[in-house]
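[1] need coordinates for the below:
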Amino acid sequence: MPLLLTDSGVRLAYADRGAGAPLVLVHGWSLSSAAFDGLAARLPGRRLIMPDLRGHGGSDPAAFALEDLGRDLALLLDRLGLEGAVLAGWSLGAQAALAALPAVRRRLAGLVLISGTPRFTIGDGWPHGQPAQALEVLAHRVRRDPARAAARFFDGMFAPGELDGPAAPRARALRAAIPAPSAAAALAGLAALAAADLRAGLAAIDLPALVIHGTADPICPPGAGRALAAGIPGARLALLPGAGHAPHLTRPDEVAALLRAFPAAAGVVAA
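    Numbers count the residues shown, from 1 in each chain. Next up, the predicted model:
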């Protein structure tokens with residue numbers, strides 16, 4: 001994978017495949033760009049740019065704040081000179097995409113948020129999240145054994161029955177292929193999730209947006225997806241019945257179809 005050097009000397013790995021309208025796919029906590037390999041195979045005719053967030057995959061080990069992830073994405077889009085791109089973030093990647101948005105708006109034709117939330121934890125008028133204690137417990141597990149904590153989190157992303165079919169071998173292969181991030185990077189990601197509250201910026205988003213969310217997401221409850229879409233003017237909400245936190249792994253054909261059709265008219269397309 002090519003490497004991008006930041007001003008602070010951190011090397012960021014990214015994949016850049018195919019040709020066509022650019023689509024930037026940003027992965028979630030403790031994983032890497034490999035999380036999109038199955039989805040990418042279903043998106044011929046697109047240029048796919050898939051970075052490894054700092055501290056993850058082939059990028060340098062490094063602690064970070066959400067603002068660093070946003071700046072890294074802006075740097076990548078600038079260095080590649082992307083125009084008319086769709087920026088798609090999954091979970092923590094969705095928050096990184098929102099953080100990057102002010103700097104990359106001019107380069108985008110659309111924004112896709114998969115299993116995302118503007119606020120990960122419950123509080124301050126936001127009931128659509130996890131208790132803060134859940135992140136504290138996960139952080140404790142990371143300090144004891146980062147690999148085991150990441151594996152346990154991965155297994156918890158899926159709704160009951162989601163891995164009964166062909167998704168099971170895909171999930172097992174992905175989990176085996178992606179090394180766990182360092183404890184510092186994993187803890188930084190959890191701290192970013194605990195601190196971020198991006199609700200105030202949603203109303204200012206002025207480009208086509210698509211929110212994809214599973215109705216059985218055990219990490220970011222479906223109410224977060226509904227509220228996220230409601231907060232972005234004109235956003236289209238695609239609810240996937242029975243899907244958990246990683247619909248691009250368990251329902252890649254449906255997610256690919258949504259991405260191929262985007263941007264399109266606003267409104268709920270499934271329930």
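[2] can you tell me what sits against stretch 147-154?
    Stretch 147-154 has contacts (C-beta atoms under 8 Å, 6 or more residues apart in numbering) with 29-31, 138, 141-142, 171, 175, 179-181, 186. For glycine as for every other residue, the C-beta is placed from the backbone atoms N, C-alpha and C.
[3] any idea how far that stretch is from the middle of the chain?
    17 Å (C-alpha atoms, centre = their mean, to the nearest Å).
[4] so which bits of it are buried?
    For stretch 147-154, burial by neighbour count (16 or more other C-beta atoms under 10 Å) applies to 149-150, 153-154.
[5] okay, the residues you listed in TSV with pLDDT and distance to Asp124 next?
    Formatted as TSV, the buried residues of stretch 147-154 follow (pLDDT from 0 to 100; distance: C-beta to C-beta, whole Å):
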residue	pLDDT	distance to Asp124
Ala149	94	27
Ala150	92	29
Phe153	94	25
Phe154	94	29
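[6] which one of those residues is nearest to Ala13?
    The nearest member of the buried residues of stretch 147-154 to Ala13, counting by C-beta to C-beta, is Ala150 at 18.1 Å.
[7] got a list of what the residue most central in space within the chain touches?
    Geometric centre of the chain, nearest residue: Trp90, 1.7 Å, by C-alpha atoms, centre = their mean. The neighbourhood of Trp90, defined by C-beta under 8 Å, 6+ apart, consists of 25-28, 35-36, 114-116, 246, 248.
[8] what do you get for Asp16?
    So Asp16 contacts 2, 47-49, 80 (C-beta under 8 Å, 6+ apart).
[9] any idea which element it lies in?
    strand 11-17 (DSSP states H and E).
[10] please name the bridge partners of Leu3.
    Ala13 (DSSP bridges).
[11] was I right about it contacting Ala15?
    No: assessed by C-beta atoms under 8 Å, Leu3 is found out of contact with Ala15, at 11.4 Å.
[12] neighbour count: those two, which is higher?
    Comparing Leu3 with Ala15 by other C-beta atoms under 10 Å, the one with more neighbours is Ala15, at 21 against 13.
[13] what about the nearest residue to that one once chain neighbours are set aside, distance to Pro118?
    Distances taken as C-beta to C-beta, 6 or more residues apart in numbering put Met50 closest to Ala15, at 4.4 Å, once the chain neighbours are dropped. To Pro118, Met50 is 23 Å away according to C-beta to C-beta, to the nearest Å.
[14] what sits against Phe64?
    Phe64 makes contacts with 53-55, 185, 188-189, 192, as judged by C-beta under 8 Å, 6+ apart.
[15] among the residues you listed, which lie within helices?
    Using DSSP state H, the subset of the contacts of Phe64 located in helices is 185, 188-189, 192.
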